[in-house]
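>>> would you be able to build a 3D model of this:
(one chain, ligands or ions: 1)
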Amino acid sequence: MNPSSPPRSRQIPVIVLAGFLGSGKTTLLNHLLRHRAGTRIGVIVNDFGAIEIDAMTVSGQVGSTVSLGGGCLCCAVDVSELDTYLETLTRPATRLDVIVIEASGLAEPQELVRMLLASDNPHIVYGGLVEVVDAAEFATTRERHPEIDRHLAVADLVVLNKTDRAGDADRLRIREAVAATGSAAAVIPAAYGRIDPELLFDPALRPDSEEKARQLTFEDLYLEERAAAGEEHGDHLHAAYESLDFTSDVPMSPRRLMEFLDSRPEGLYRIKGYVDFGGGDRDNTYALHAVGRFLRFAPRPWTRGEPRLTRLVLIGSGIDAEALHKELADCRETARQPGEAVPGDRAPADTAPDTAQDAPHERSMWGVLRYVQQPGDDA
Ligand SMILES: Nc1nc2c(ncn2[C@@H]2O[C@H](COP(=O)(O)OP(=O)(O)OP(=O)(O)O)[C@@H](O)[C@H]2O)c(=O)[nH]1
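Below is the predicted model of the structure:
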């Protein structure tokens with residue numbers, strides 16, 4: 001296995017995309033489909049109407065499932081059929097990396113979230129709730145639909161869309177309203193749903209051979225076309241964000257890492273990667289996925305010979321990358337001393353700490369285990 005590519009989790013994250021009528025959910029979804037950098041996305045919508053299916057090279061349609069170019073799949077379903085469609089989308093042959101469910105404009109997103117958390121489909125894991133808000137119409141929407149406060153309170157990430165039509169005062173008001181709901185969700189401003197897809201899911205990591213054999217997708221053509229026209233290029237999406245990489249061959253202290261995660265700064269929208277908790281759990285590596293305030297760990301057994309590393313990518317805006325890097329370095333187990341690897345190093349594997357340290361580690365894993373989703377867990 002290529003040591004530079006982290007192993008893929010077996011469970012497919014399912015993200016719920018909610019927002020009131022006309023807030024820009026479909027626009028955002030189309031944006032994700034266009035800028036997905038090889039990621040295979042399954043989409044569940046109420047109807048195909050607004051998805052740019054025509055442009056995505058439909059390669060097949062079976063019932064209400066449409067295959068899109070580049071391996072994406074799209075289903076139009078009634079919520080009552082959700083389980084059936086999730087089952088279809090999670091069959092091994094689909095090889096999807098992420099599933100996005102667009103909640104219809106009127107649906108209560110909490111219901112969907114509850115269904116996902118209660119689902120006994122072992123191939124999925126709830127990936128967070130994204131609430132799209134129309135920044136220009138926020139006050140009016142809230143008057144008509146006071147339940148928006150409830151949605152904001154449970155959201156993990158709020159996309160403040162249509163900022164091209166809203167002034168600074170509007171934006172401030174919405175941020176205050178979000179905070180007043182008691183929500184700790186990260187608020188990301190956007191125009192036409194153009195957020196960095198990496199805020200929601202990881203770019204696909206595929207064997208090189210597969211990547212080379214890959215056919216030219218609609219997305220490639222689209223990007224070429226836009227680049228030729230001198231328009232937006234995918235890279236520009238990253239301009240508004242800063243990111244930092246952290247790698248360590250020294251195991252992380254569960255207690256310290258949880259302290260770091262519990263107090264993560266507001267502008268830190270996304271954290272993803274894999275954590276080695278050393279003696280806390282020698283058998284498993286923990287995939288970490290955080291979107292806004294949402295946090296989840298997914299343990300997976302180490303494979304034979306796999307380097308025992310922690311690798312994290314943090315994405316945010318207005319973050320102090322250097323300070324965060326140092327904070328993460330301070331979360332490493334201190335049992336190890338001289339020759340302590342500098343984060344970023346790729347050092348040899350198997351760096352388990354002293355056995356004497358195991359008991360306290362195991363106890364402190366409780367903080368981590370709170371964020372491991374078990375099938376059938378409820379909201
Ligand atoms: N000015 C402006 N218009 C936007 C923006 N995002 C979306 N729109 C427009 O707003 C309208 C509604 O966008 P959709 O993406 O269809 O909204 P939706 O939330 O999917 O709507 P429903 O499916 O009806 O719930 C469309 O005409 C979009 O082109 C934006 O950031 N700025």
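
>>> quick one: the helices in the stretch 251-379 of the chain?
254-262, 321-329, 358-369 (DSSP state H, counting those that start in this stretch).

>>> check whether Met365 really touches Val275, as I assumed.
No. Met365 is not in contact with Val275 according to CB atoms under 8 Å; the separation is 11.2 Å. Using the backbone N, CA and C atoms, a C-beta is placed for each residue, glycine as well.

>>> between those two, which is the more surrounded one?
Neighbours were counted for Met365 and for Val275 using other CB atoms under 10 Å; Val275 has more, 25 against 21.

>>> just give the closest residue to that one, not the sequence neighbours.
In this structure, Val275 finds its nearest non-sequential neighbour in Tyr286, 4.5 Å apart by CB to CB, 6 or more residues apart in numbering.

>>> what's the local residue count around that neighbour?
Residues near Tyr286, counting by other CB under 10 Å: 26.

>>> partners of it in the sheet?
Beta bridges link Tyr286 to Val275, Pro299 when assigned by DSSP bridges.

>>> tell me how far it lies from the ligand.
35 Å (CB to the nearest ligand atom, to the nearest Å).

>>> same thing with Arg270?
21 Å.

>>> separation between Asp170 and Lys162?
From Asp170 over to Lys162 the distance is 10 Å, taken as CB to CB, to the nearest Å.

>>> which neighbours do these two share?
Residues touching both Asp170 and Lys162 (CB atoms under 8 Å, 6 or more residues apart in numbering): 135-136.

>>> between these two, who's got more neighbours?
Neighbours per residue (other CB under 10 Å) separate Asp170 from Lys162, with Lys162 holding more: 24 against 18.

>>> so what's the more buried one up against?
Counted by CB under 8 Å, 6+ apart, Lys162 has contacts 23-24, 134-137, 191.

>>> recalculate using a threshold of 6 Å.
Lys162 is in contact with 134-136, counting by CB atoms under 6 Å, 6 or more residues apart in numbering.

>>> can you give me the pLDDT of it?
Lys162 is assigned a predicted lDDT (pLDDT) of 93.

>>> do His145 as well
80.

>>> find the nearest non-adjacent residue to it, please.
His145 sits nearest to Phe20 (CB to CB, 6+ apart), 6.0 Å away.

>>> closest point of the stretch 251-379 of the chain to the ligand, which residue?
Ser317 (17.7 Å; CB to the nearest ligand atom).
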